[in-house]
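1. I would like to see how this sequence folds:
(one chain, ligands or ions: 1)
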Amino acid sequence: MVASGVDADWGCSDFDAKLPNVKRILCTDAKLKPGGSYSVQGRPLLVSDSVPKPLQKQLQKQLQKQLQKQLQKQLPPHAQQRVLVIAAMHGDEFSAASLALHWLKQAQQAPGHTHWRFIPLLNPDGLMHKPPQRANAHGVDLNRNFPTPDWQNLARKYWEHDTRKDPRRWPGKAPLSEPESTYVFNEIKSFKPNVIVSIHAPYGVLDFDGPVMPPSRLGRLYLSQVGIFPGSLGNYAGVQGGIPVVTVELPNARHTPPDAEMQKMWNDLRTWLDQPPVPKVAPPTLPASASSRASSSASSPTPDQRAP
Ligand SMILES: [Zn+2]
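-> Purely as a prediction, here's the structure:
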């Protein structure tokens, strides 16, 4: 169903005034385009890519083939990577969308060797709801709607017992029941990101899921892993899919950090991305009894309302 007043041109002028520290020009310069999918209420899910300069073409024009080959060999193996940045999966986390637009500007100015794909406002219906809400227009927490193992059993149990049926954390009737989570699922399949960055607020920590060593900090945000939740993006893509997922929890949902702090966070992210990934050391093998305890505790996460 398409909400009245929502049209195909839906864009910056419809939402930028709601975002802290976002001037119209920052949003229009982002060159957001419809990504081909729509929210429950029919708003286009917007995306913008920032890609490295066509190094290949320059080399073809300027250099002879031999030199080109030599230069290509000099590129570090980690130099070509794809990074997917997703923000405002929760519609009441305004600062998350703002940070994504500020970082997109940085990526446009200097993409490095990275192909960046930004989805700065994954839950436009939640943002436009009066009042703005965490869930999408179906009342689903998109960050509990991804297809993690045994979702049918665990996501419902977690919601009933651990959140005490908190309506802000309703995982939905089925994994990928929502167009917004399905869009991310399809983007992961087609774009094949090497790293995913998911921006939230307001718990002021850095979380991480995945097979490599995480960044220890981004600006003033320090690593503090909050747990694994049925249906979360970090669980789906990071734990199950083996794609490093950096989850940024900004300290305030209504205000961005100062511009200098956002810049520092970006610099720290770039530094981490530019380093060759370091695999996590595999944990020692547990005896059978301990391992069954570990798996049963993994299937019933501890109650934690401070979760992304
Ligand atoms: Zn969130």
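2. what parts of the stretch 101-250 of the chain come near the ion?
-> Counting by C-beta under 5 Å from the ion, the stretch 101-250 of the chain comes close to the ion at His200. The way it works is simple: take the backbone N, C-alpha and C, and place the C-beta from them, glycine included.
3. what about the protein, any weak spots by pLDDT?
-> Within the chain, the segments meeting pLDDT under 70 span 1-8, 54-79, 282-306.
4. where do the helices sit along it?
-> 12-15, 24-29, 55-62, 65-74, 94-109, 124-128, 151-157, 179-191, 233, 259-274, 288-299 (DSSP state H).
5. and the shortest one, how far out from the chain middle?
-> Same thing as helix 233. Distance of helix 233 from the chain centroid (C-alpha atoms, centre = their mean, to the nearest Å) equals 8 Å.
6. show me what it is in contact with.
-> Ile86, Met89, Asn143, Phe146, Val184, Ile196, Ser198, Val245, Thr247 (C-beta atoms under 8 Å, 6 or more residues apart in numbering).
7. could you redo the last one with a cut-off of 10 Å?
-> Contacts with helix 233, where a contact means C-beta atoms under 10 Å, 6 or more residues apart in numbering, come from 86, 89, 122, 142-146, 148, 181, 184-185, 188, 196, 198, 200, 209, 241, 243, 245, 247, 308.
8. OK, now which residue of the stretch 1-150 of the chain is nearest to the ion?
-> In the stretch 1-150 of the chain, the residue that lies nearest the ion is His90 (3.6 Å; C-beta to the ion).
9. now do the stretch 201-308 of the chain
-> Taking C-beta to the ion, the stretch 201-308 of the chain has Pro308 as its residue nearest the ion, at 4.9 Å.
10. what about the nearest residue to that residue once chain neighbours are set aside, how many residues nearby?
-> The shortest distance from Pro308 to any residue other than its chain neighbours is 4.5 Å, reached at His200 (C-beta to C-beta, 6 or more residues apart in numbering). By other C-beta atoms under 10 Å, the residues close to His200 number 25.
11. show me what contacts His200?
-> By C-beta under 10 Å, 6+ apart, the neighbours of His200 are 86-90, 93, 95-96, 134, 143, 207, 233, 247-250, 253, 307-308.
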